[in-house]
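Chemist: Predicted model and sequence below, questions to follow.
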Amino acid sequence: MGDSFADVRDVMVEGESGLLACSPKATRPVFEPSRRRLSWPNGAVATLYSANDPDQLRGPQHHAAWADEIAKWYEGERCWSNLVLGLRLGSAPRVMATTTPRPLRWLKRLMAEPSTAMVMGSTLDNRAHLAPQFLDEVNRLYAGTRLGAQELDGRMIDEVAGALWTRKMIEAARIGPLGHDREPVFTRIVVAVDPPASHGEKADACGIIIAGLDEDGLVHILEDASCQGLRPLQWAERVARAYERHAADRVLGEANNGGDMVEAVLRQAAPGLSYRAVRASRGKIARAEPVAALYERGLVRHRGCFAELEDEMCSYSGAAGEHSPDRLDALVWAVSDLALGRMSAPHLRRL
């Protein structure tokens, strides 16, 4: 079982380290994608499941399971419960979970269970199967950082002292994605952009956050469309698509670094979009504090799981030398405009 059926097929089954590649030719299973099934010569059968549909697990029963990247499952706790409840065949049913550890409450409870056996490993433990250039680069970029401890060393990294957001605050704000439950009526939707100063693999990300304000005054984070490594026109086209997809009212672009260039490149991608430049007159922490207060008051909702954005929110403390939080910057601009800015002038909403 994986986060999506595509992940199960492309990584767990057909990937370079997937079941097909790791099986000896004589005992290699037959993969039937249309039936979501692997069949071995000895009669063993494995069924493929997606965490996007937890109710698929209601009814079937199994002897054993493999669950991959459980920390990124949208409804992780619900999926895990349904999976475990179906492990009722044989004398010793069990499940193997492989994941990068993230400080989720249900995952920490699972790790603390007396029946859970923990095996920890780092990226360096697999150095024989990784490109030396990759190892040199990730060590140079992430060694000694919080992200490196989590992604490279496989350590569970919890709250960061001084960060304005906590995991508890974000979990309290989380609800289902659009289409998952009753749709709110949005009175205003914005796309906030924190543009990078350059492009390429080593450049900062382009933070692109879409947020809406509902009739009750709650701000909903609708999508994190951030990207990295794209040229200006490419990320501008990404912004334009998000603007159209969400029928947004305005694009907010941070102009401290790019100045008029930000508007010019966005106009190339979509000449008719409504745009307003925003400029930072205070530091990042000072701008973020009022937004964090809105979370504390229960006035912001996350429509789904935005792992990279939430990692930035819970790890940025404003300490000297910290990497600029591009997604967080865009989030702060979006929420500030919707909930802390002045009332917008009367305008027409496109339906």
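Modeler: Structure's in. What do you need?

Chemist: Local confidence estimate at the nearest residue to Glu215 once chain neighbours are set aside?
Modeler: Closest residue to Glu215 apart from its sequence neighbours, by C-beta to C-beta, 6 or more residues apart in numbering: Val185 at 5.2 Å. Using the backbone N, CA and C atoms, a C-beta is placed for each residue, glycine as well. With respect to pLDDT, Val185 scores 91.

Chemist: my guess is Val185 meets Leu213, correct?
Modeler: No - judged on C-beta atoms under 8 Å, Val185 makes no contact with Leu213 at a distance of 10.2 Å.

Chemist: Which one's more surrounded, those two?
Modeler: Of the pair Val185 and Leu213, Leu213 is the one with more neighbours under other C-beta atoms under 10 Å, namely 22 against 9.

Chemist: Is that one in a helix, a strand, or coil?
Modeler: Here Leu213 is recorded as strand under DSSP: H, G, I helix; E, B strand; the rest coil.

Chemist: Now do the contacts for it.
Modeler: Contacts of Leu213 were listed using C-beta atoms under 8 Å, 6 or more residues apart in numbering, and they are Phe186, Thr187, Arg188, Ile189, Val219, His220, Leu338, Ala339.

Chemist: The third one bridge partners, please.
Modeler: Just to be clear, that refers to Arg188. Per DSSP bridges, the residues bridged to Arg188 are Leu213.

Chemist: measure it to Glu223 for me?
Modeler: For Arg188, the distance to Glu223 equals 15 Å [C-beta to C-beta, to the nearest Å].

Chemist: Let me see the mean pLDDT of stretch 118-129.
Modeler: Regarding stretch 118-129, the rounded mean pLDDT is 85.

Chemist: how about that stretch: buried residues?
Modeler: The neighbour-count check on stretch 118-129 (16 or more other C-beta atoms under 10 Å) flags Thr123 as buried.

Chemist: Between the two ends of it, how far is it?
Modeler: 23 Å (C-alpha to C-alpha, to the nearest Å).

Chemist: ditto for stretch 21-31
Modeler: By C-alpha to C-alpha, one end of stretch 21-31 lies 12 Å from the other end.

Chemist: what's in contact with it?
Modeler: With contacts defined as C-beta under 8 Å, 6+ apart, stretch 21-31 is touched by 13-15, 19-20, 37-42, 44, 46.

Chemist: Could you give the number of residues near Pro24?
Modeler: 6.

Chemist: What of the one 3 residues further on?
Modeler: If you count neighbours by other C-beta under 10 Å, Thr27 ends up with 10.

Chemist: Pull out the C-alpha coordinates of stretch 221-237 and format them as CSV.
Modeler: The C-alpha coordinates for stretch 221-237 follow below in CSV (Å, rounded to 0.1, in the frame of the first residue of the first chain):
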residue,chain,number,x,y,z
ILE,A,221,-5.1,27.2,2.4
LEU,A,222,-6.2,25.5,-0.9
GLU,A,223,-3.0,24.5,-2.6
ASP,A,224,0.8,24.7,-2.4
ALA,A,225,1.9,25.0,-6.1
SER,A,226,5.5,25.9,-5.2
CYS,A,227,8.3,24.8,-7.6
GLN,A,228,12.0,24.9,-7.8
GLY,A,229,14.6,25.2,-10.6
LEU,A,230,12.2,26.8,-13.2
ARG,A,231,13.0,29.8,-15.3
PRO,A,232,10.9,33.0,-14.7
LEU,A,233,8.4,32.4,-17.5
GLN,A,234,8.0,28.8,-16.4
TRP,A,235,7.1,29.6,-12.8
ALA,A,236,4.9,32.5,-14.1
GLU,A,237,3.0,30.1,-16.2
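
Chemist: Tell me how many other residues crowd Pro184.
Modeler: Burial measure for Pro184: 17 neighbouring residues, criterion other C-beta under 10 Å.

Chemist: if I pick it, what's in contact with it?
Modeler: Residues near Pro184 by C-beta under 8 Å, 6+ apart: Gly212, Asp214, Glu215, Asp216, Leu218, His220.

Chemist: This completes my enquiry, with thanks.
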